[in-house]
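Visitor: Turn this into a structure:
(4 chains, ligands or ions: 4)
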Protein chains: 2
Amino acid sequence: MSELESGLAASGRRLTRARRTVLRVLSDASVPLSPREITAVGRQHYGHLGLVTVYRTLELLELMHWVRRVHGADGCHGYMLCGRALSPTLVCRLCGRVAEFPGGQPLRSLIDRVQADTGFRVDDPLVQLSGLCPACQGASGADEADEAAHRENGSAESIHT
Amino acid sequence: MSELESGLAASGRRLTRARRTVLRVLSDASVPLSPREITAVGRQHYGHLGLVTVYRTLELLELMHWVRRVHGADGCHGYMLCGRALSPTLVCRLCGRVAEFPGGQPLRSLIDRVQADTGFRVDDPLVQLSGLCPACQGASGADEADEAAHRENGSAESIHT
DNA sequence: ACTGCTATTGAAAGACATTACCATTAAGGA
DNA sequence: TCCTTAATGGTAATGTCTTTCAATAGCAGT
Ligand SMILES: [Mn+2]
Ligand SMILES: [Mn+2]
Ligand SMILES: [Zn+2]
Ligand SMILES: [Zn+2]
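Guide: Numbers count the residues shown, from 1 in each chain, chains lettered A, B, ... in the order given. Ligands and ions are numbered 1, 2, ... in the order given. I've put the predicted structure just below:
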């Protein structure tokens, strides 16, 4: 029984085809995907997957810390699989790729410091560091646009309008 | 000439009544406000203020680092004035109040560490630490709901539905 | 494998949030 | 004051997210 199954079962939840599909789509993705994108890609595996179910599944997975939300400049959000450990999220604003910074120690220090100095109790830290990944730092302006466009097409067939 | 005026003028932008109104509303607020809320409150000072202009003003002010976006559990975003210094944002999920953690050193250390270890170049850090402020930590469940409701009414007349 | 309970689904409609359009207005330098 | 043009704001369009509810399908028990 996978860690996921036991996690769901422990709270009386069921491992459905829709949930499996969402997880598969996310684990195949190289960039965060919006609910709409996840639905579109997921339907290649499970044709009846519904958008509402994707929203509900993402909410559940986020609650269980299986999935992390990525906040972009535009209104809508992207979602990605994540580890359960405390770690900053690195987002490249050019290629869109996301990485988790391994080793939560520096972040834990920051939070400890904040809590000690202010009395505030932090229970939901959002630490998303946007910038340029090593691969994207060399590119010039025009190349950057190309690379961004290229990446965009690669994974999710660019469902954004 | 205020720092704001010079900041705008430096990029050929104008200090309009709409922009002044948005700034005034934000500086009077004790919690982050949505664009719709800002518009409603702003119209008490300037009756013709338009929602679209508020969106554009917020985008501009965010670009100039005069305003910071606060990401809530629900879809839509709140906006608040902020300093230009690098600092984590503390958000109380009960009373909604927001504070900036003074002293950017721990955060700067975290970012330096990330950049050194990964080669990633961070240029837009989003560090929003949600939890309970000191005042809200004592409250029980029922009290908490009361306090949240109370706060909500206090500032912006609860435009959210 | 069959049955029953109920968590879950998904289509459709609705409620909001955000953006595009464009004729009109008003900052602010000359 | 006069001009240039950045900026506005109403409206319509688009996109995102939620609510609803009848139908479906996990899965525990037999
Ligand atoms: Mn989007
Ligand atoms: Mn957000
Ligand atoms: Zn990159
Ligand atoms: Zn509080």
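Visitor: Please write out the alpha-carbon positions of the biggest strand by length in chain A in CSV.
Guide: For chain A, the longest strand by residue count, based on DSSP state E, is strand A:121-132. C-alpha atoms of strand A:121-132 as CSV (Å, rounded to 0.1, in the frame of the first residue of the first chain):
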residue,chain,number,x,y,z
ARG,A,121,3.2,31.6,15.7
VAL,A,122,3.9,30.6,12.2
ASP,A,123,2.0,27.5,11.0
ASP,A,124,1.8,28.0,7.2
PRO,A,125,4.9,29.4,5.7
LEU,A,126,4.8,30.4,2.0
VAL,A,127,8.4,30.9,0.8
GLN,A,128,8.5,31.2,-3.0
LEU,A,129,11.7,32.6,-4.4
SER,A,130,11.3,33.7,-8.0
GLY,A,131,14.2,34.6,-10.3
LEU,A,132,16.4,32.9,-12.9
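Visitor: May I see the buried residues of the helix or strand that that strand is followed by?
Guide: Next in sequence after strand A:121-132, counting helices and strands by DSSP states H and E, comes helix A:134-137. Residues of helix A:134-137 classed as buried: A:C136 (neighbour count, 16 or more other C-beta atoms under 10 Å in any protein chain shown). No exception for glycine: its C-beta is placed from N, CA and C like everyone else's.
Visitor: DNA strand C contacts on chain A?
Guide: Counting by C-beta under 7 Å from any atom of the strand, chain A comes close to DNA strand C at A:8, A:12-14, A:16-19, A:46, A:48-53, A:56-57, A:74-75.
Visitor: so what strands line up beside the longest strand of chain A?
Guide: strand A:89-92 (parallel), strand B:121-132 (antiparallel) (DSSP bridges).
Visitor: Can you give the contact residues for it?
Guide: With contacts defined as C-beta atoms under 8 Å, 6 or more residues apart in numbering or on different chains, strand A:121-132 is touched by A:70-71, A:86, A:88-94, A:101, A:107, A:111, A:114-115, B:71, B:90, B:93, B:110-111, B:114, B:120-132, B:137.
Visitor: count of neighbours near A:T21?
Guide: Close neighbours of A:T21, defined as other C-beta atoms under 10 Å in any protein chain shown, add up to 23.
Visitor: and if you look at the one 5 residues further on?
Guide: Burial of A:L26 is recorded as 22 neighbouring residues (other C-beta under 10 Å).
Visitor: Got a quick PyMOL command for the buried subset of the contacts of strand A:121-132?
Guide: In PyMOL, this line selects whichever of the contacts of strand A:121-132 come out buried by 16+ other C-beta under 10 Å:
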select buried, (chain A and resi 70+71+88+89+90+91+92+93+94+101+107+111+114) or (chain B and resi 71+90+93+110+111+114+120+121+122+125+126+127+128+129+130+131+132)
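Visitor: Residue ranges in chain A under the pLDDT threshold?
Guide: A:1, A:139-161 (pLDDT under 70).
Visitor: Quick one: the strands in it, in order.
Guide: Under the criterion DSSP E, chain A carries strands at the ranges A:67-71, A:77-81, A:89-92, A:98-100, A:121-132.
Visitor: can you pull the contacts of A:T89?
Guide: A:68, A:70, A:82, A:98-101, A:127-129.
Visitor: could you redo the residues you listed as JSON lines and give each row distance to B:S34?
Guide: As requested, the contacts of A:T89 are exported to JSON lines (distance: C-beta to C-beta, whole Å):
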{"residue": "A:R68", "distance to B:S34": "24"}
{"residue": "A:V70", "distance to B:S34": "21"}
{"residue": "A:C82", "distance to B:S34": "28"}
{"residue": "A:V98", "distance to B:S34": "27"}
{"residue": "A:A99", "distance to B:S34": "31"}
{"residue": "A:E100", "distance to B:S34": "30"}
{"residue": "A:F101", "distance to B:S34": "31"}
{"residue": "A:V127", "distance to B:S34": "23"}
{"residue": "A:Q128", "distance to B:S34": "21"}
{"residue": "A:L129", "distance to B:S34": "25"}
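Visitor: which one in chain A is furthest away from the centre?
Guide: Residue farthest from the centre of chain A, counting by C-alpha atoms, centre = their mean, is A:D117 at 31.0 Å.
Visitor: which residues in chain A form helices?
Guide: A:3-10, A:17-28, A:35-42, A:51-63, A:105-118, A:134-137, A:141-156 (DSSP state H).
Visitor: So for B:L33, which of the ones you listed sits nearest?
Guide: helix A:105-118 (23.0 Å; C-beta to C-beta).
Visitor: Spell out whether that closest one and chain B are in contact.
Guide: Yes: Helix A:105-118 reaches chain B (C-beta under 8 Å from any C-beta of the partner chain) through A:106-107, A:109-111, A:113-114, A:117-118.
Visitor: Pick out the most distant pair among those residues.
Guide: Maximum pairwise distance in these, criterion C-beta to C-beta, is 18.6 Å, between A:P106 and A:T118.
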